[in-house]
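*Asks:* Could you look at this predicted model? Sequence included:
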Amino acid sequence: MKLKLTLLCCVFINCALAQDSIFARRMVDTLTSPYFWGRGYTNDGMGRAGKFISAQFKSYGLQPMKGKDYMQEFSFNVNTFPGKMEVAINGLALLPGRDFIVGPESQGAKAQGKLVQQDSVTFVNAENRIIVSLQNKLTWSVAQELGDYTVIQVDKKALKGQPSAVSVNIENKLINNFKTGNICALVKGTAKPDSIVMFTGHYDHLGGMGSNTYFPGANDNASGITMLLSLAKYYAAHPQPYTVAFMCFAGEEAGILGSKYFTEHPLVPLSSIKFLVNMDIMGTGNEGITVVNASVYPKQFELLKQVNAQGNYLVKVYSRGKAANSDHYWFTEKGVPAFFIYTMGGIKAYHDVFDISKTLPLNEYNDLFKLLVDFNTQLQKQ
């Protein structure tokens with residue numbers, strides 16, 4: 001009988017883990033689909049993603065952090081590229097995203113002309129203020145301001161010979177006060193509701209470049225939002241002594257703006273947040289995880305390592321110091337103890353069109369989930 005119960009327990013656990021994996025894959029597939037258009041600034045990508053996440057929170061039974069709406073609205077300026085995205089070098093038409101990207105601060109341009117070499121990788125058409133820069137890897141970003149020039153970054157492998165002539169037809173639109181918002185929810189604590197453990201991640205990505213190319217952002221950060229939703233679903237069904245809060249930030253790619261806004265306009269007292277775990281780039285893990293702020297909060301880092309060792313979850317937990325590289329930063333600056341955790345190994349796609357769900361392994365997803373749950377349990381015992 002004891003053996004039968006043990007085997008039955010193992011079956012239940014394996015089924016639960018299988019469901020977690022199915023949920024994770026389905027969620028990353030969804031968040032990286034064309035419907036959300038890179039969760040950015042054109043085709044209402046970020047707006048659609050925010051509504052989707054809010055609906056998920058509601059379906060799990062989470063409470064809005066304040067009022068009746070999960071959304072904390074704010075706005076900022078952003079340069080976008082909603083239309084034409086045509087570039088040819090030496091008469092060869094290039095593919096947006098794969099062969100070239102446009103500098104995020106670039107103005108639109110419709111022009112052609114000769115290129116003059118400035119150095120080994122830079123070529124200029126001064127008449128039309130066009131700069132062509134050769135790159136080994138194309139890495140896009142987001143700009144809040146508009147320059148008076150147009151930068152075209154070209155993958156060296158896309159060209160034969162040095163650039164001598166350029167033709168561009170690019171449309172940009174600077175949006176003043178682009179409206180978006182953070183998605184904020186919580187599960188009330190059963191014993192100490194005024195003490196909060198917070199899980200965070202950014203749901204925005206780079207959006208689209210032109211009308212036919214978008215950046216899916218599977219690892220960055222559909223993976224982190226998927227983990228956050230898994231935790232939200234779990235804690236909605238398993239309330240803890242402390243309140244467990246969930247923050248999905250907008251505007252991270254434009255300069256960690258959503259988290260900055262929240263810390264300046266908090267919906268809960270920042271002093272009530274006993275610890276914060278920010279999750280960004282959570283889709284791999286075969287080489288372990290890195291913990292930013294590990295050296296800032298050594299006691300909590302040792303606890304995390306102990307939990308990992310006891311559960312035999314990940315091969316390595318790396319320590320890193322303070323860094324302003326994700327949404328944990330503004331909380332730390334306000335005195336809130338926080339970690340930023342990201343996975344190591346696997347795919348190297350980052351801020352490019354190749355960060356897709358199909359090649360994101362999610363191979364340590366279940367172990368990461370269990371590590372975070374166990375860590376939260378131990379935090380609340382401190």
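*Replies:* Nice, I can see it. Numbering: from 1, shown residues only.

*Asks:* What residues does V124 make contact with?
*Replies:* L115, V116, Q118, I130, I131, V132 (CB atoms under 8 Å, 6 or more residues apart in numbering). C-beta: built from backbone N, CA, C; applies to glycine.

*Asks:* Provide a ChimeraX selection command restricted to the buried entries of the residues you listed.
*Replies:* Selection command for ChimeraX covering only the buried members of these, criterion 16 or more other CB atoms under 10 Å:
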select :115,130,131,132
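
*Asks:* hmm, who's touching stretch 278-285?
*Replies:* When contacts are defined by CB under 8 Å, 6+ apart, stretch 278-285 is touched by residues 28, 199-202, 218-224, 226-228, 252, 314, 326-328, 338-347, 360-365, 367-368.

*Asks:* Going by distance to K192, which of the contacts of V124 wins?
*Replies:* Nearest to K192, judged by CB to CB, of the contacts of V124 is I131 at 56.6 Å.

*Asks:* Which two among the contacts of V124 are spaced furthest apart?
*Replies:* Across the contacts of V124, the two lying at the largest distance from each other (CB to CB) are Q118 and I130, at 12.2 Å.

*Asks:* got a pLDDT number for the residue nearest to M85 when sequence neighbours are not counted?
*Replies:* In this structure, M85 finds its nearest non-sequential neighbour in G210, 2.7 Å apart by CB to CB, 6 or more residues apart in numbering. If you check G210, the pLDDT there is 97.

*Asks:* so what's M65 closest to, chain neighbours aside?
*Replies:* In space, not counting the residues next to it along the chain, M65 is nearest to C184; the distance is 3.7 Å by CB to CB, 6+ apart.

*Asks:* Ok, F249 next?
*Replies:* Once its chain neighbours are removed from consideration, F249 has its nearest residue in G258; the separation is 3.4 Å (CB to CB, 6+ apart).

*Asks:* coming back round to it: take the contacts of V124 and lay them out in TSV including pLDDT and distance to K66.
*Replies:* As requested, those are arranged in TSV below (pLDDT from 0 to 100; distance: CB to CB, whole Å):
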residue	pLDDT	distance to K66
L115	98	54
V116	98	57
Q118	97	53
I130	98	48
I131	98	46
V132	98	49
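
*Asks:* Let me know the closest of the contacts of V124 to F275.
*Replies:* Lowest distance from F275 to the contacts of V124 (CB to CB) belongs to I131, with 45.5 Å.

*Asks:* Pretty sure L267 sits against C184.
*Replies:* Yes: counting by CB atoms under 8 Å, L267 touches C184, with 5.7 Å between them.

*Asks:* of all the contacts of V124, which comes closest to P298?
*Replies:* Of all the contacts of V124, I131 has the smallest distance to P298: 46.2 Å, by CB to CB.

*Asks:* how far away is that closest one from M209?
*Replies:* Using CB to CB, to the nearest Å, I131 is found at 17 Å from M209.
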